[in-house]
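Engineer: build me a model from this:
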Amino acid sequence: MTMKARYTVIDGEVVAEKRNGVRSLYVSDPLGSTVALLDNTQAQTDMFSYWPYGENNGRIGITATPFQFVGTAGYYRDSSSQNYVRARLLNTKTGRWFTRDPLGFNNGDVNFYNYAANNPVTKIDPTGAILSLVVNQGLGGPRSQSLPLKRPGVTNPRPPRPGGPFPWTICLPTEAQCHKWWVDCIDKSRTDEVLLLAVCFVGTGAGIAACMIVIHILMEIQRVECNYRYAVCRGFAR
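Structural biologist: Sure thing, here's the model as predicted:
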């Protein structure tokens, strides 16, 4: 007999399921990961814990639920190392997406495969295609929320809300913070360039010139990235 399940979703958040007549309530951490399941009497039947990128770190109970790591935000566990996150599949063993970001450079990053800006402790990406910004503070501590880019056809599945069990506040950068990040980025590129150029002089003749040209091109690309990130930051600045 095929097992059937119906889910209760409120404001984009999975809060309960009914599987073959048995109802379970989801208990999530501030990030949205399911940490426990409760039965109709509020007794705890299952417990879950995870490594930062979603691998299971422990499990008590046998209830067959696919909504585990960031599950209340819709992350669907396909297997022990794979989560379906709408636009893409997340590899929880490597902490990377299986496919490149469909938004390309419009996601604000030059790495199209990294997950949650390599910060899975405070950020999520519930569509697999939307820039993540930190939202903080809920009753359980910091909570993450993905915000839509200013781009037609991209919507936010879980918009910030003023009330509810987790009152969210969007923490947007200021113009001054954006400028400081840009200055730090440019300074780092210049420091890196000096250090790398010193390595070039280990060689001789034409090798030195070729090495210097390559490093100069790489540093120019890095500075273009700094400028692009600065523009993205200013677009969100308050």
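Engineer: rest of the way, CA atoms for contacts and neighbours
Structural biologist: Fine.
Engineer: buried sites along the lengthiest helix in the chain?
Structural biologist: Longest helix in the chain by number of residues, with DSSP state H as the criterion: helix 206-236. For helix 206-236, burial by neighbour count (16 or more other Cα atoms under 10 Å) applies to 208, 211-212, 215, 219, 222-223, 225-234, 236.
Engineer: tell me the mean pLDDT for that helix?
Structural biologist: In this model, helix 206-236 has a mean pLDDT of 79.
Engineer: and that helix, how far out from the chain middle?
Structural biologist: Helix 206-236 has its C-alpha centroid displaced from the chain centroid by 25 Å (Cα atoms, centre = their mean, to the nearest Å).
Engineer: which strand or helix spans D192?
Structural biologist: Using DSSP states H and E, D192 maps to helix 175-200.
Engineer: could I get the pLDDT score of G54?
Structural biologist: For G54, the predicted pLDDT is 91.
Engineer: next: the one 5 residues further on.
Structural biologist: With respect to pLDDT, R59 has a value of 92.
Engineer: for the nearest residue in space to it that is not next to it in sequence, give its distance to I221.
Structural biologist: The shortest distance from R59 to any residue other than its chain neighbours is 4.8 Å, reached at F48 (Cα to Cα, 6 or more residues apart in numbering). Between F48 and I221 the distance is 43 Å, computed by Cα to Cα, to the nearest Å.
Engineer: can you check N119 too?
Structural biologist: Taking Cα to Cα, one finds N119 at 24 Å from I221.
Engineer: returning to that earlier point: how about the helix holding D192: buried residues?
Structural biologist: Quick answer for helix 175-200 (16+ other Cα under 10 Å): 175, 178, 181-182, 185-186, 189-190, 193, 196-197, 200.
Engineer: dump these into a markdown table; add distance to Q44 as well.
Structural biologist: Listed next are those as a markdown table, based on distance: Cα to Cα, whole Å:
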| residue | distance to Q44 |
| --- | --- |
| E175 | 47 |
| C178 | 45 |
| W181 | 46 |
| W182 | 49 |
| C185 | 48 |
| I186 | 52 |
| S189 | 52 |
| R190 | 56 |
| E193 | 57 |
| L196 | 57 |
| L197 | 61 |
| C200 | 63 |
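Engineer: of all pairs in the residues you listed, which one is the farthest apart?
Structural biologist: Spatial extent of these (Cα to Cα) is set by the pair E175 and C200 at 37.7 Å.
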